[in-house]
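Chemist: Provide a 3D model corresponding to the input given below.
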Amino acid sequence: MSSAIVELGQHEHDLIGDIIADGFADDPVNLWAYQGTSGMRPVFTMLARHLYLPRGYGHKTADGSAGALWLPPDSSFDLPLWPSVQVAATLLKHGGMRSVANILKLDAFMKSRKPKARYHYLFAISVRADRQGQGLGGALMREGLKRADADRLPAYLESSKASNVPFYRAHGFEVIEEVVPAAGCPPMWRMWRETRP
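Modeler: As a prediction, the model looks like this:
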């Protein structure tokens, strides 16, 4: 199977939504937010379709086993109105009112902590469960960071899993804050990487 890194196409929201849902199936913050895994795939797909692919950029392995989504500086993090309604309805269907409330709390808290500087934002980097530990995440990260470095800008992410923090550190990110976004939510780590020449 090929591990070559290629750009995601604008039409590949279903693929990247599926990759992220697969890779995040054991993520403690997302399990708390979505109240299980059933809502992850449809919501990640909608976010890719209406936000991250139209306004940002992404990469995948050629075989579709891993992928990442980024937003460039000065991009809005807000979904258009109708997709926001669709996301809320999907959350309600799969996770009930608790999922809707958890997502709203999480989103509001993390938006309030976004840095004021200009940066490239890594929304998600994900490797399917059966391909983890093979270097695919590192290859995706290096490809995404090329764009931030070419722009001479830092990069920012929010890790929702403690075991991923060393991976991000290996790529130049440092923890700037550990936070608990809401009561009952597992911790998250806000991480920052200065630009590289």
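
Chemist: Report the secondary structure state of the spatially closest residue to Ala25 that is not a sequence neighbour.
Modeler: Distances taken as C-beta to C-beta, 6 or more residues apart in numbering place Thr37 nearest to Ala25, at 5.1 Å, with adjacent residues excluded. Where you see a C-beta, it was placed from the backbone N, CA and C, and this is true even at glycine. Secondary structure for Thr37, judged by DSSP: H, G, I helix; E, B strand; the rest coil, is coil.

Chemist: mind listing what Thr37 touches?
Modeler: Residues in contact with Thr37 (C-beta atoms under 8 Å, 6 or more residues apart in numbering) are Ala21, Ala25, Leu31.

Chemist: Reformat the residues you listed as JSON lines; add secondary structure, neighbour count and pLDDT.
Modeler: Listed next are the contacts of Thr37 as JSON lines, based on DSSP: H, G, I helix; E, B strand; the rest coil; neighbours: other C-beta atoms under 10 Å; pLDDT from 0 to 100:
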{"residue": "Ala21", "secondary structure": "helix", "neighbour count": "24", "pLDDT": "97"}
{"residue": "Ala25", "secondary structure": "coil", "neighbour count": "16", "pLDDT": "97"}
{"residue": "Leu31", "secondary structure": "helix", "neighbour count": "16", "pLDDT": "98"}
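
Chemist: can you pull out the helices in this structure?
Modeler: Along the chain, counting by DSSP state H, helices occupy 13-23, 28-34, 40-47, 53-55, 81-112, 136-150, 165-170.

Chemist: Please identify which of these is closest to Ala4.
Modeler: Closest approach to Ala4 among the helices of the chain is made by helix 136-150 (8.7 Å; C-beta to C-beta).
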